[in-house]
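1. just need the structure, nothing else, for what follows:
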Amino acid sequence: MLERPFGSIGRVQMKRHSFVIASALLLSFSGAALAAVVTVTGHGQSYDPGMAMQAARADAIAKCTAQGGTPLEEVYSHVSRTNLWIADVVMRCEVP
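-> Below is the predicted model:
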């Protein structure tokens, strides 16, 4: 039986082609895998409950953007009354 001298080249090229496709897929998904979701909290106080909540949200958003992130959603918020209105906010933030 005679074998072609370059018969194995097709298999090598196929393996390289499969490796290139697999590498491209891994690289395309790696950006999404590197982003993390963190939780940040904000605190605000005022004589007005709406202003206290606005200050708490602004505080949480500032903490998120300081990390280079993007606010995703508000998870929890609470307003209580002492001498002033006190507001707390918990947000999820996507950070690269």
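2. show me where this structure has helices.
-> 9-34, 49-66 (DSSP state H).
3. and these, which one is worst for confidence?
-> Ranked by mean pLDDT, the helices of the chain bottom out at helix 9-34, with a mean of 57.
4. pull the residues that contact stretch 52-69.
-> The contact list for stretch 52-69 (CB atoms under 8 Å, 6 or more residues apart in numbering) reads 38, 40-46, 70-71, 74, 77, 79, 84-91, 93-96. From N, CA and C alone the C-beta is placed, and that goes for glycine too.
5. and for stretch 87-96?
-> 34-45, 49, 52-53, 55-57, 59-61, 63-64, 67-80.
6. which among the residues you listed count as buried?
-> Buried members of these, scored by 16 or more other CB atoms under 10 Å, are 40, 42, 44-45, 52-53, 55-57, 59-61, 63-64, 69, 71, 79.
7. return the subset of the contacts of stretch 52-69 lying in strands.
-> Of those, the ones assigned to strands by DSSP state E are 38, 40-46, 70-71, 74, 77, 79, 85-91, 93-95.
8. find the nearest non-adjacent residue to Met91, please.
-> Leaving aside its sequence neighbours, Met91 sits nearest to Ala60 (CB to CB, 6 or more residues apart in numbering; 4.5 Å).
9. same question but for Leu72, I mixed them up
-> Nearest residue to Leu72 in three dimensions, chain neighbours excluded: Arg92, at 4.5 Å (CB to CB, 6+ apart).
10. tell me what the nearest residue to Asp59 once chain neighbours are set aside is bridged to.
-> Leaving aside its sequence neighbours, Asp59 sits nearest to Gly42 (CB to CB, 6+ apart; 3.4 Å). Judged by DSSP bridges, the bridge partners of Gly42 are Val89.
11. just Ala36 next, same as before
-> Beta-bridge partners, per DSSP bridges, of Ala36: Val95.
12. who touches it in this structure?
-> Going by CB under 8 Å, 6+ apart, Ala36 touches Glu94, Val95, Pro96.
13. among these, which ones are buried?
-> When those are checked for burial by 16+ other CB under 10 Å, the buried set is empty.
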